[in-house]
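> Prediction below, plus the sequence it came from.
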Amino acid sequence: MAAADTPSATLRRRDLCSRGIRLARKMRSDVTDLLDIYVERQGLDASASVAVVEGVPAAAAERWSEQTGTQRLLDNLAAYRAFRVLLAQMLEEQQEQLGNTDTTLGRALAAVLLQVSAFTYHLEELLQLESHGPPSEEGVGPPARPPLSLFEQKLRGLGVLRELAQWAVRSVWDLRQLAKPNPGSGSAPSLAESQ
């Protein structure tokens, strides 16, 4: 019996999935609040159309139901690692633009960045539990590109926050799927088994 199949590992996986779902829901709520603050403080229209943000996998996935548990975790991990870099850039840009004059936006960005970092660690812990150590972070983040104008930075930030909100929803779905018991077995499927 593999370590990921033991009753204690099954309970640990369920606990991690439950905690992850709570983290993702809280993050979604906070990102929604941050979006409102961001749009207001940056002087943007909430319905503004934003191009796809480079470096962030789209939350929508073709054949989502056919993905393995490991693939779901790896997709989530790649996205949240990218968000960690993008949010840090946004926070730095915001501080350069406004200094300490807009502490509400700065604190909200920093709080969401902290949640993204915690959730990233949580995903790595789930992968470790399944004997699939997380992949290295080499090359993580958006590709280098020419400097953006202030308006382009604002639009990119809006796109990052919108996509992060979508990822928080997808993460809840993915973790629910991982926590589901196998029919007839009474335990959650091992991610190793689902490959």
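Received the coordinates, thanks. All of these numbers come straight from a predicted model, not from anything done at the bench.
> switch to C-alpha atoms for all contacts and neighbour counts from now on
Noted.
> can you pull the buried residues of stretch 90-109?
90, 91, 93, 94, 95, 105, 106, 108, 109 (16 or more other Cα atoms under 10 Å).
> residue contacts, the fifth one?
So that's residue 95. residue 106 (Cα atoms under 8 Å, 6 or more residues apart in numbering).
> roughly how far apart are it and residue 105?
To residue 105, residue 95 is 10 Å away according to Cα to Cα, to the nearest Å.
> From the centroid of this protein, which residue is nearest?
residue 80 (3.6 Å; Cα atoms, centre = their mean).
> Which of the helices or strands spans it?
helix 69-98 (DSSP states H and E).
> Quick check: what element follows that helix along the chain?
helix 103-129.
> follow-up on the earlier one: to the chain's geometric centre, what's the distance from the helix holding residue 80?
Centre-to-centre, helix 69-98 and its host chain are 7 Å apart (Cα atoms, centre = their mean, to the nearest Å).
> cool, stretch 52-71 as well?
So, by Cα atoms, centre = their mean, the centroid of stretch 52-71 is 12 Å from its chain's centroid.
> now do stretch 93-100
24 Å.
> Same check on stretch 111-119?
9 Å.
> Please apply the same query to stretch 114-122.
8 Å.
> Please apply the same query to stretch 147-167.
15 Å.
> CA atoms of it as CSV?
Extracted in CSV, the C-alpha atoms of stretch 147-167 (Å, rounded to 0.1, in the frame of the first residue of the first chain):
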residue,chain,number,x,y,z
PRO,A,147,7.9,48.8,-19.9
LEU,A,148,4.2,49.6,-19.8
SER,A,149,2.6,53.0,-19.7
LEU,A,150,0.7,53.9,-16.5
PHE,A,151,-2.6,53.2,-18.1
GLU,A,152,-1.4,49.8,-19.4
GLN,A,153,-0.2,49.0,-15.9
LYS,A,154,-3.6,49.8,-14.5
LEU,A,155,-5.3,47.6,-17.1
ARG,A,156,-2.9,44.8,-16.6
GLY,A,157,-3.6,45.0,-12.8
LEU,A,158,-7.3,44.8,-13.5
GLY,A,159,-6.8,41.7,-15.7
VAL,A,160,-4.6,40.1,-13.0
LEU,A,161,-7.2,40.6,-10.3
ARG,A,162,-10.1,39.4,-12.5
GLU,A,163,-8.2,36.2,-13.4
LEU,A,164,-7.2,35.6,-9.8
ALA,A,165,-10.8,35.8,-8.8
GLN,A,166,-11.6,33.2,-11.5
TRP,A,167,-8.7,31.0,-10.3
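> remind me, longest helix of the chain?
The residue-count maximum for a helix in the chain (DSSP state H) belongs to helix 7-42.
> other SSEs contacting that one?
helix 103-129, helix 150-179 (3 or more Cα pairs under 8 Å, 6 or more residues apart in numbering; DSSP states H and E).
> what bits of the chain have low per-residue confidence?
For the chain, applying pLDDT under 70 flags the ranges 1-5, 100-102, 132-146, 182-195.
> 50 - rerun?
1-3, 183-195 (pLDDT under 50).
> burial count for residue 64?
Neighbour count for residue 64, taken as other Cα atoms under 10 Å: 12.
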